[in-house]
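Colleague: missing the sequence, but the structure's below:
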Ligand SMILES: CC(C)(COP(=O)(O)OP(=O)(O)OC[C@H]1O[C@@H](n2cnc3c(N)ncnc32)[C@H](O)[C@@H]1OP(=O)(O)O)[C@@H](O)C(=O)NCCC(=O)NCCS
């Protein structure tokens, strides 16, 4: 059995540790938390040590699998690149309460938290973070490094490109097979938004119905 290193030591990291405990049974703790902030290194979270990336790599890493528990998409992308370059493997963690269609696909390094549903022919990329209680309906595509905050509901035929951050409780209208609703890469959908139109890459949208508020990431 692999030892799990959780990259991050904040709220998301503690939630992923809880997810692991639910999956693997009480007492199954991560091997360590990894944090780049020197002020956090040398401390512990729930009795589990927080170490720096260099310390992780100086260990025997053959049986280590990393989970990146960081909500920010760009940071997750950067950390995944760093871990891959160091030859580290990644764990994919799906909570036991997740209802998942056999035809769905879930990529390496992805986290799916409790209460979520992944429906038929949904394709979820690598290092995606699906938070508590999300719905991912039929034929939805989630690109690599997408974050879904708690309670996001995505109906059928919505394509969310790489690096999109979706805030708590956001919803979407459905697309169609011939015209999926496109959410452009590296965009941000604000908490509580209802997205009814395609979203351009690198923009921020908010409100009901959602309108563009900013160019560039929030
Ligand atoms: C989208 C978000 C990241 C924007 O943050 P920001 O860049 O600091 O944006 P600003 O506060 O500068 O707001 C820009 C504009 O968008 C509006 N806005 C921001 N968030 C909004 C929201 N959720 N709903 C409606 N309007 C919103 C602001 O009122 C402002 O409008 P104005 O220009 O007309 O005055 C943030 O508001 C948000 O929704 N974050 C989601 C957090 C979340 O769910 N986290 C989950 C953790 S598990």
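Modeller: Yes, it's here. Quick caveat: nothing in here was measured; it's all calculated off a predicted structure.

Colleague: going forward, measure contacts between C-alpha atoms and count neighbours the same way
Modeller: Fine.

Colleague: so who does the closest residue to residue 189 other than its chain neighbours touch?
Modeller: Nearest residue to residue 189, sequence neighbours excluded (Cα to Cα, 6 or more residues apart in numbering): residue 166, at 4.7 Å. Each residue near residue 166 by Cα atoms under 8 Å, 6 or more residues apart in numbering is listed here: 146, 147, 148, 149, 152, 188, 189, 190, 191.

Colleague: so the second one sits right up against residue 71, yeah?
Modeller: Yes: using Cα atoms under 8 Å, residue 147 is in contact with residue 71, at 6.4 Å.

Colleague: Mind checking which of the two has more residues around it?
Modeller: Taking other Cα atoms under 10 Å, residue 147 and residue 71 do not tie; residue 147 has more neighbours (27 against 22).

Colleague: who touches both of residue 147 and residue 71?
Modeller: The overlap between the contact sets of residue 147 and residue 71 (Cα under 8 Å, 6+ apart) consists of residue 129.

Colleague: Distance check, the most centrally placed residue in the chain against residue 16.
Modeller: Nearest to the geometric centre of the chain sits residue 129, at 1.0 Å (Cα atoms, centre = their mean). Distance, residue 129 to residue 16, using Cα to Cα, to the nearest Å: 10 Å.

Colleague: Spit out the residues that contact the two alike.
Modeller: In contact with both residue 129 and residue 16: residue 69, using Cα under 8 Å, 6+ apart.

Colleague: how about the residues of the protein near the ligand?
Modeller: Counting by Cα under 6 Å from any ligand atom, the positions of the chain adjacent to the ligand are 149, 167, 168, 189, 190, 191, 192, 206, 207, 213, 218.

Colleague: rerun at 8 Å
Modeller: 12, 71, 131, 149-150, 166-169, 188-193, 204-208, 213-214, 217-218 (Cα under 8 Å from any ligand atom).

Colleague: In helices only, show me those residues.
Modeller: residue 12 (DSSP state H).

Colleague: and the residues of the chain next to the ligand, which are buried?
Modeller: Among the residues of the chain next to the ligand, those classed as buried by neighbour count (16 or more other Cα atoms under 10 Å) are 12, 71, 131, 149-150, 166-169, 188-193, 204-207.

Colleague: can you map out the helices along this protein?
Modeller: With DSSP H as the criterion, the chain has helices spanning 11-24, 53-58, 73-85.

Colleague: which one in this protein is furthest away from the centre?
Modeller: Farthest-from-centroid check, the chain (Cα atoms, centre = their mean): residue 178, 27.4 Å.

Colleague: how many neighbours does residue 104 have?
Modeller: Residue 104, neighbours per other Cα under 10 Å, totals 18.

Colleague: contacting residues around it?
Modeller: Going by Cα under 8 Å, 6+ apart, the list of residues near residue 104 reads 118, 119, 120, 121, 122, 123, 124.

Colleague: what does residue 115 give?
Modeller: If you count contacts by Cα under 8 Å, 6+ apart, residue 115 has them with 95, 97, 98, 99, 132, 133, 134.

Colleague: Buried subset of the residues you listed as a ChimeraX selection?
Modeller: Under the burial definition 16+ other Cα under 10 Å, those of these that qualify are selected in ChimeraX by:
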select :95,98,132,133,134
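
Colleague: Could you single out the nearest of the contacts of residue 115 to residue 23?
Modeller: residue 95 (6.4 Å; Cα to Cα).

Colleague: Spit out the contact partners of that closest one.
Modeller: 19, 20, 22, 23, 112, 113, 114, 115.
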